[in-house]
Structures are given as C-alpha cells and as structure tokens.
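Undergrad: Okay, sequence plus prediction incoming.
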Amino acid sequence: MTFALAERLLECFTELLRSYSVVAVLQPRTASSDRVVYRTRSLSPLQLIQGSLSTRKVARQFPLLAGIHKASDGALVGVLVAVTLMSTLTLHWQHLWTNAFKKLETTRTLASRLTESTAMLESHLLQKTNFPKSMVPTKVANLVYLQHPVPKSSPNEFSELLLKSLVKQPIHHGY
C-alpha cells in the first residue's frame, strides 16, 4: 500500500516538473568591435543555482548574517577540537587507570600468597618444635609484676654530658 502511494507521488511530481520547465536564455555580450556575441554553450540548472548562491554576494548583501555564519563556523571548529582533545585525554587516563588497577590486583594477589606462605611456615614450625615441659599455659594467677627500673641519671644530666663531649671534639674548618 505504501509502495503504491510512493509511485503515485512520483508520478505527480514528474508531471509537475514537466509543466514548469525552466529555460535559460543566452545573454548578449559586446566585444571590443561593438558587435553582439552570444554564448553558444547551454547552461545546466546547477550552474544557474551556483552563481546565485555565492558566498561573496551573500556577504555583501547581508554582512551581519555572514559574520554570524563565520562565528558559528569558528565555534563549531573549536567544539570539535575540544571534543577531540577531551576524548584523547579520557582514553589516555583510562589506559593509565587500567594499568594501575592491574598492578594493584597483582600486589593484592602477591600479598595474599605471602600471607598464606607465612601461615603455612608457622604451622609447620609449630608442629615440628618440641615445647619444654616447664612451659605452662598463661593464667592470671601465674603473672609476675615487676617495678620500673630507676634511672641512674636524669635526662638533664645526659644532655649536659652529650654537650660536653661535643665541645671537647675539635671543629674542622672548611668542607
């Protein structure tokens, strides 16, 4: 049903074009000997349209429109450059992040293996060692509390001794 409609529209459009035909008329030119010279080549419809839409002609007739067009072209180029730059930076940063994440995963795996190996070694050593019979499990009743040792000299005396030992040493000049 849509194909038949499209055929009918094409026929109507073709009939419309046949009824409104465009004819190009040759323009006379004057040569240096004041005689009229006619152009003998035929003009296609594209050549007629091309001459009427020149940018210089439009810029002279509508300078504000031409300025807006140039500004929008510049802004569009700027946006394209910015999008390209941001895309490049995004891909670069994603690559760096991926590499860093791979290194992190490798580090985590190695740390896990190291922990497992250490646990296995500890369990093996604990199984192979013989505890002496004198060792007993720790209980609160078995704890012995000791007093803090009394220092022989105060901190001020120590700093004075250090300064005196530095003063006795000779000072070398130069490097």
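TA: Looks like it came in fine.

Undergrad: before we move on, which element is Arg60 in?
TA: Assigned by DSSP states H and E, Arg60 falls within helix 55-61.

Undergrad: For the protein, which element, helix or strand, carries the lowest mean pLDDT?
TA: Every helix and strand of the chain was ranked by mean pLDDT, DSSP states H and E. The lowest is strand 36-38, at a mean of 53.

Undergrad: now for the next helix or strand after the helix holding Arg60, which elements pack on it?
TA: Note on helix 55-61: by DSSP H and E, the next helix or strand toward the C-terminus is helix 63-128. Where contact means 3 or more Cβ pairs under 8 Å, 6 or more residues apart in numbering; DSSP states H and E, helix 63-128 is packed against helix 55-61. Just so you know, the C-beta spots here come from the backbone N, C-alpha and C atoms, and that holds for glycine as well.

Undergrad: Pro170: which element?
TA: Per DSSP H and E, there is no helix or strand for Pro170.

Undergrad: For Lys164, see how far away it is.
TA: 14 Å (Cβ to Cβ, to the nearest Å).

Undergrad: okay, now His92: neighbour count?
TA: Residues within reach of His92, counting by other Cβ atoms under 10 Å, total 10.

Undergrad: Just the pLDDT for it.
TA: At His92, the model reports a pLDDT of 97.

Undergrad: circling back: does anything pack onto the helix holding Arg60? Which helices or strands?
TA: Helix 55-61 packs on helix 63-128, going by 3+ Cβ pairs under 8 Å, 6+ apart.

Undergrad: where does this protein dip in pLDDT?
TA: When residues are selected by pLDDT under 70, those of the chain lie in 1, 13, 16-53, 131-137, 151-155, 171, 173-175.

Undergrad: what about Pro170 and Lys164, which has more around it?
TA: A count of neighbours by other Cβ under 10 Å puts Lys164 above the other of Pro170 and Lys164, at 9 against 5.

Undergrad: any idea which helix or strand carries that one?
TA: Following DSSP H and E, one finds Lys164 within helix 155-168.

Undergrad: Ok, Thr14 next?
TA: Assigned by DSSP H and E, Thr14 falls within helix 2-19.

Undergrad: same deal with Leu146?
TA: Using DSSP H and E, no helix or strand contains Leu146.

Undergrad: what's the neighbour count on it?
TA: By other Cβ under 10 Å, 5 other residues sit near Leu146.

Undergrad: phi, psi of it?
TA: Main-chain torsions, Leu146, degrees, to the nearest 10: phi -110, psi 150.
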